[in-house]
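> Here's my sequence, what's the structure:
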Amino acid sequence: PVTGQDQENAFARRMKGEPFPVPTRAGGPLARIILRACEYDRNKRYQSPEEMRWDLEFFLAWGEKQENGQQQLPDPDDPETNGGKNWFEREGDDPMPGTWGDGKGLPAIPRPKTSVQSRFTGCLLGGAVGDALGYPVEFQNEAAMFDQYGPSGIQTLEQAGKPAVISDDTQMTLFAANAIVYYKNHVHAGGVIPEVWLAYREWLGTQGNVSRMEQDGPKMWIYSDSRLHACRAPGNTCLSAIRNSPHGGTMEEPVNNSKGCGTVMRAAPYGLAIDCDPQNPTESLCVKLACEDAALTHGHPLAWGSSGWLAACVFRAVQDRQYERLEDCMKISLPREVDPEGKIDKLTKQAIWLANEDSLSDLAAIHALGEGWVAEEALAIAVFCAVRYQDDFAAAIRAAVNHKGDSDSTGAICGNILGAWLGKEAVEQA
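This next block holds a predicted model:
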């Protein structure tokens with residue numbers, strides 16, 4: 001029996017911050033949820049009932065698949081997953097398409113009939129909208145976000161500001177797009193990537209540092225737009241690389257070892273650069289250019305590959321092809337040098353699977369994928385939101401920004417994908 005002295009001793013140990021023992025009737029991931037809820041240090045506890053609920057949701061869905069306190073998703077390439085059956089063809093559930101291209105097992109969600117020009121515009125406009133909605137909450141935790149904006153989080157651009165403003169994500173995207181156009185219009189230009197490096201040095205000028213600009217003035221017409229001359233939490237890796245590297249990094253000679261999401265957030269224009277080389281207007285060229293762009297400022301292969309994956313997805317989405325679902329654009333095989341361990345391939349597949357897993361809320365799935373501060377996680381969160389809400393631009397963007405991670409980047413990437421898929425009319429209507 002528990003005595004009064006036992007209770008006093010337990011209380012004294014608790015007040016000293018001594019950790020609780022592991023619960024005897026709850027092992028593994030459930031025990032970790034209980035212990036986190038009972039943490040002595042308030043900063044280590046769940047910050048809201050909703051946050052605990054999301055972990056419980058994931059536990060109910062996956063249970064012992066969680067390891068080492070982290071939410072572990074099923075491996076899409078593991079034949080033992082789901083009792084040896086193909087991960088995308090589970091019995092009793094809505095399966096993912098076996099070949100991804102035929103829509104097998106999932107109802108078709110055809111996209112609206114739009115022009116290629118509409119999809120090009122929608123890609124860039126959609127990215128800007130996602131960026132602007134996510135920018136005010138980028139550094140907020142979920143408890144603070146929901147306290148300020150209500151239980152659903154930030155919902156409208158009016159809440160984001162009057163006017164809502166874009167961040168460095170869209171600024172750099174627009175400078176990259178300008179550089180691509182500049183290259184196409186100037187026969188003496190040295191190549192796409194050298195012009196992009198010039199554009200990024202001019203973007204640095206809009207951030208208050210003109211030391212890297214050419215002495216004869218800016219070449220990118222977008223530099224003259226005063227609205228872009230605003231410092232809105234630019235990434236330190238991008239700033240440092242552009243300030244200090246003579247010519248930018250390459251995949252052969254990396255400038256650092258960063259895999260931050262400052263690469264994939266600006267990669268969408270390469271999916272639109274389909275005629276930069278009229279002799280080779282292929283997806284592989286878009287991937288190559290996006291990876292080379294990423295290497296200018298970030299030295300980790302996952303930063304390069306995430307950019308390449310997004311460019312390939314955008315390239316497919318803007319084509320005049322008949323697709324059953326958005327997932328049909330996402331069977332993407334990257335070169336081994338930019339996804340050496342297949343992590344991007346696996347994480348994007350997991351994101352697509354989670355998007356069709358109705359038992360998980362948006363936030364539970366997003367927490368399982370990461371926070372978005374690194375490139376592959378930002379891409380996966382954006383893919384999850386875009387696929388889950390592939391016929392509802394507004395719902396997708398709201399899901400993509402209302403989490404505790406890099407909200408403006410995940411919102412921008414999601415907007416790039418869905419804008420390219422649905423066209424500018426859907427973005428404007430949202």
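> For residue 245, give me its contacts.
255, 296, 297 (Cβ atoms under 8 Å, 6 or more residues apart in numbering). Bear in mind the C-beta positions are built from the backbone N, C-alpha and C, glycine included.
> My error: substitute residue 131 in the last question.
Contacts of residue 131 (Cβ under 8 Å, 6+ apart): 166, 167, 169, 170, 408, 409, 411, 412, 415.
> Please apply the same query to residue 391.
Contacts for residue 391 (Cβ under 8 Å, 6+ apart) come out as 109, 111, 422.
> quick one, phi/psi of it?
The phi/psi pair for residue 391 (degrees, to the nearest 10) reads phi -110, psi 20.
> So it versus residue 326, what's the distance?
For residue 391, the distance to residue 326 (Cβ to Cβ, to the nearest Å) stands at 9 Å.
> go on, residue 224?
37 Å.
> And the residue positioned nearest the centre of the chain, how close does it get to residue 134?
For the chain, residue 378 is the residue whose C-alpha lies nearest the centre (Cα atoms, centre = their mean; 2.4 Å). To residue 134, residue 378 is 11 Å away according to Cβ to Cβ.
> sorry, back to before: so for residue 391 and residue 326, which residues contact both of them?
Shared contacts of residue 391 and residue 326 (Cβ under 8 Å, 6+ apart): 109, 111.
> if we can go back for a sec, ok now do the residue nearest to the centre of the chain, which residues does it touch?
Contact analysis of residue 378 by Cβ under 8 Å, 6+ apart lists 261, 264, 265, 306, 370, 372, 405, 406, 409, 410, 413.
> And the pLDDT at it?
Confidence at residue 378, expressed as pLDDT, is 98.
> Provide the secondary structure category for it.
Secondary structure, DSSP: H, G, I helix; E, B strand; the rest coil: residue 378 is helix.
> With residue 50 instead?
Here residue 50 is recorded as helix under three-state DSSP.
> just to revisit the earlier point, would you turn the contacts of residue 131 into a markdown table with distance to residue 285 and neighbour count?
What follows is these, written out as a markdown table (distance: Cβ to Cβ, whole Å; neighbours: other Cβ atoms under 10 Å):
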| residue | distance to residue 285 | neighbour count |
| --- | --- | --- |
| 166 | 28 | 23 |
| 167 | 28 | 26 |
| 169 | 24 | 35 |
| 170 | 24 | 27 |
| 408 | 28 | 30 |
| 409 | 25 | 35 |
| 411 | 28 | 39 |
| 412 | 23 | 36 |
| 415 | 24 | 36 |
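> Torsion angles phi and psi at the closest residue to residue 374 other than its chain neighbours?
Closest residue to residue 374 apart from its sequence neighbours, by Cβ to Cβ, 6 or more residues apart in numbering: residue 259 at 5.0 Å. Note on residue 259: its backbone torsions stand at phi -120, psi 30 [degrees, to the nearest 10].
> How many neighbouring residues does residue 259 have?
Number of residues near residue 259 (other Cβ atoms under 10 Å) recorded here: 24.
> Which ones among the contacts of residue 391 map onto strands?
Among the contacts of residue 391, no member falls in strands (DSSP state E).
> Pick out whichever of residue 224 and residue 326 has more residues nearby.
Using other Cβ under 10 Å, the more surrounded residue of residue 224 and residue 326 is residue 326, with 26 against 9.
> Correct me if wrong: that one contacts residue 110.
No - the pair residue 326 and residue 110 fails to qualify as a contact (Cβ atoms under 8 Å) at a distance of 10.3 Å.
> Name the residues of the one helix or strand residue 243 maps to that are buried.
In the assignment (DSSP states H and E), residue 243 maps to helix 236-244. For helix 236-244, the neighbour count (16 or more other Cβ atoms under 10 Å) marks 237, 238, 239, 241, 242 as buried.
> ok, now stretch 33-50?
Buried-residue list, stretch 33-50, by 16+ other Cβ under 10 Å: 33, 35, 46.
> Same list (these) but as TSV, adding secondary structure, distance to residue 138 and pLDDT.
Below are the buried residues of stretch 33-50 laid out as TSV (DSSP: H, G, I helix; E, B strand; the rest coil; distance: Cβ to Cβ, whole Å; pLDDT from 0 to 100):
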residue	secondary structure	distance to residue 138	pLDDT
33	helix	27	81
35	helix	30	83
46	coil	22	79
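> Tell me which residues of stretch 267-275 come out buried.
267, 268, 269, 270, 271, 272, 273, 274.
> Which of those residues fall in strands?
Residues of the buried residues of stretch 267-275 located in strands (DSSP E): none.
> right, and the helix or strand after the lowest-mean-pLDDT helix or strand in the chain?
Lowest mean confidence among the helices and strands of the chain (mean pLDDT, DSSP states H and E): helix 49-62, at a mean of 70. Downstream of helix 49-62, the first helix or strand assigned by DSSP H and E is helix 116-134.
> How about exporting the helix holding residue 243 as CSV, limited to the C-alpha atoms?
Extracted in CSV, the C-alpha atoms of helix 236-244 (Å, rounded to 0.1, in the frame of the first residue of the first chain):
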residue,chain,number,x,y,z
ASN,A,236,21.6,33.4,-43.6
THR,A,237,23.0,30.7,-45.9
CYS,A,238,21.9,32.5,-49.0
LEU,A,239,23.2,35.9,-47.7
SER,A,240,26.5,34.4,-46.7
ALA,A,241,27.1,32.5,-49.9
ILE,A,242,26.2,35.5,-52.2
ARG,A,243,28.3,37.9,-50.1
ASN,A,244,31.4,35.7,-49.9
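> now it: how far from the chain's centre is it?
Put simply, helix 236-244 sits 21 Å off its chain's centre (Cα atoms, centre = their mean, to the nearest Å).
> Please apply the same query to stretch 347-354.
With Cα atoms, centre = their mean, you get 12 Å for stretch 347-354.
> Then stretch 129-139?
The answer for stretch 129-139 is 13 Å, by Cα atoms, centre = their mean.
> per-residue confidence averaged over that stretch?
Rounded mean pLDDT across stretch 129-139 is 97.
> That one: which residues count as buried?
129, 130, 131, 132, 133, 134, 135, 136, 137, 138.
> Looking at those residues, which is nearest residue 216?
Lowest distance from residue 216 to the buried residues of stretch 129-139 (Cβ to Cβ) belongs to residue 131, with 31.5 Å.
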